[in-house]
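Asks: please find the sequence and the predicted model below.
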Amino acid sequence: MTRGRERRDSDRYRIQTEANDEIKAELHAVDRGWICEHIGVYVSGVKDKAFTLKRSQVLLSVGVQALKLGMAIKTNKKNCIMLLCSFQGSNAVTKWQKLQLFYQGILENGDKRTDNWLLVYSPVPITCIFLCYLISVWTGPKLMANRRPVNLKPVLVVYNFAMVCLSAYMFYEFTASSWLAGYSLLCQPVDYSNNPLALRMARVCWWFYFSKVVELSDTIFFILRKKNSQLTFLHVYHHATMIFNWWAGVKYVAGAFLIGLINSLVHIVMYLYYGLAALGPHMNKYLWWKRYLTSLQLVRTDANLQFFIVTMHTAYNLLADCNFPDSMNAVVLAYSLSLIVLFSNFYYQSYLTKKTKST
C-alpha cells in the first residue's frame, strides 16, 4: 500500500491513501488528531492508542474497550469524504458523547459547497422553524376563534403571483442546468465539484428548499382567514415535513434535480390557480380545472420523489448500480408513498364521494 505522510503542524498529520486501504496511525500525547486526504477524522483526548480506520467502519481501541461506529460515510465516487469523530478521555463513551458524535457527523458530512448558505449547515434553525409552525397550527385557530377573519386579498394576490414567478424561475433553472450539463433522467450522481453548472444546480436546489420555508405561509393565511377546514392532516404533514426533506437534500445531495423540476412545474399551475381565485368570485367560472390540479399534484414530488414517474425513477436507482445514496432514495420513497396515500384519499373524499352523492 502506497502511503505518504507529512507533518502539518505540532499536532496533525496528513496521510495519503486509497479509500479501500486500511489506515493505521499511532496517536501520541502531543497529537490531538490527524487528517487524511480522502478521509477526514478528528480524535481528541486519545493517548498512545492505536487507531484503525477502514472504509466502512471505525474501530477505536480505548484500553480494553472497543467501540464500533456503524455510521454511514458520505462517499463521492470511490472516496470517503468525511467522518468526524470526537471522544473524551479513555473511558467508555457516554450516551451524551455518542449524541454529540452523531450531531457532529450531521454537520460535517454534508456538501461543503452549501455549508455557508442560509439555513443549511445545522438542522437547528429549520427545527426551530418547524416547532414554531406546529405551535402556530395548534394555537392559531384558538386565538382567532373570537376574532373576525382578516382580509388578506391584496396580500394573497401578491403572494401567489410571486410564487408563480419563483416557481417559473426554478423550473427554468432546473431545466437549463440539467440540459446544459447533460444530466441523465435515469441515473444522475450528484456533482459535488465547483464546476459552474454544478454550482448553478446546487443554487437552484437551495432556492427550492427556501421556497418550501416560504410556503409555510399558506398555513398562516388559512389561520388568519379562519379557513380551518383547510388545516387538514395532509396539509400540515405535507408542509411541515417538506422543509426537512429539502434541508437534507441541499445539505447532502445538492444536485438532485428531477423532483424539483417536476414540482416547480406543478407549482406554477397551482399558485396561478390560487392567485386567480384570490382576485374574487368573478374568476370562479375560469377555474373549472381545479380538480385536474389535484390530479397533477399526484404526479409531483415534494421531498425527493412522488407518484409513478419519480417512484419508478427511485426504484431504478435503488436496483441499478447508480452512484446515488440508497439511504436517501429509500427515505424519500417511503415519504412519497405516504403522500400518495394522503393525496389519493383527499381526491377521493373531495371529488369522487361528492360526485357519487350528487348522483
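Replies: Sure thing, it's come through. Numbering: from 1, shown residues only.
Asks: please count neighbours and contacts with C-alpha atoms only from this point.
Replies: Noted.
Asks: might one say that residue 191 is in contact with residue 257?
Replies: No. Residue 191 lies out of contact with residue 257 (Cα atoms under 8 Å); the separation is 11.3 Å.
Asks: between the two, who's got more neighbours?
Replies: Between residue 191 and residue 257, counted using other Cα atoms under 10 Å, the more crowded position is residue 257 (24 against 18).
Asks: that one touches residue 205, doesn't it?
Replies: Yes. Using Cα under 8 Å, residue 257 is in contact with residue 205, at 7.4 Å.
Asks: worst-scoring helix or strand of this structure, pLDDT-wise?
Replies: Every helix and strand of the chain was ranked by mean pLDDT, DSSP states H and E. The lowest is strand 65-69, at a mean of 29.
Asks: next secondary structure after the lengthiest helix in the chain?
Replies: Longest helix of the chain, by residue count under DSSP state H: helix 153-181. Scanning forward in sequence from helix 153-181 by DSSP states H and E, the next helix or strand is helix 196-214.
Asks: mind giving me the packing neighbours of the longest helix of the chain?
Replies: Using 3 or more Cα pairs under 8 Å, 6 or more residues apart in numbering; DSSP states H and E, the elements in contact with helix 153-181 are helix 196-214, helix 258-278.
Asks: redo those helices as a markdown table? Include distance to residue 238 and mean neighbour count.
Replies: Below are those laid out as a markdown table (distance: least, Cα to Cα, whole Å; neighbours: other Cα atoms under 10 Å):
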| stretch | distance to residue 238 | mean neighbour count |
| --- | --- | --- |
| helix 196-214 | 10 | 21 |
| helix 258-278 | 13 | 21 |
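Asks: looking at those helices, which is nearest to residue 344?
Replies: helix 258-278 (16.6 Å; Cα to Cα).
Asks: that closest one versus helix 153-181: what angle between them?
Replies: Relative orientation of helix 258-278 and helix 153-181, computed by axes from the mean of the first three to the mean of the last three Cα atoms, to 10 degrees: 150 degrees.
Asks: what mean pLDDT does helix 258-278 have?
Replies: Helix 258-278 carries an average pLDDT of 87.
Asks: which strands and helices sit next to that helix?
Replies: Packing partners of helix 258-278 (3+ Cα pairs under 8 Å, 6+ apart): helix 153-181, helix 290-297.
Asks: which stretch in those helices has the least confidence?
Replies: Mean pLDDT per stretch puts helix 290-297 lowest among those, at a mean of 60.
Asks: right, and the helix or strand after that one?
Replies: Per DSSP H and E, the first helix or strand lying C-terminal to helix 290-297 is helix 307-319.
Asks: what angle separates the helix or strand following that next one from helix 307-319?
Replies: Per DSSP H and E, the first helix or strand lying C-terminal to helix 307-319 is helix 326-347. If you take the same axes, to 10 degrees, helix 326-347 sits at 160 degrees to helix 307-319.
Asks: now for helix 326-347, which elements pack on it?
Replies: If you count contacts as 3+ Cα pairs under 8 Å, 6+ apart, helix 326-347 packs onto helix 233-252, helix 290-297, helix 307-319.
Asks: any idea which of those is most buried?
Replies: Highest mean neighbour count of those: helix 233-252, a mean of 20 (counted as mean count of other Cα atoms under 10 Å).
Asks: help me confirm that residue 119 is found in a helix?
Replies: No. Secondary structure of residue 119 (DSSP: H, G, I helix; E, B strand; the rest coil): coil, not part of a helix.
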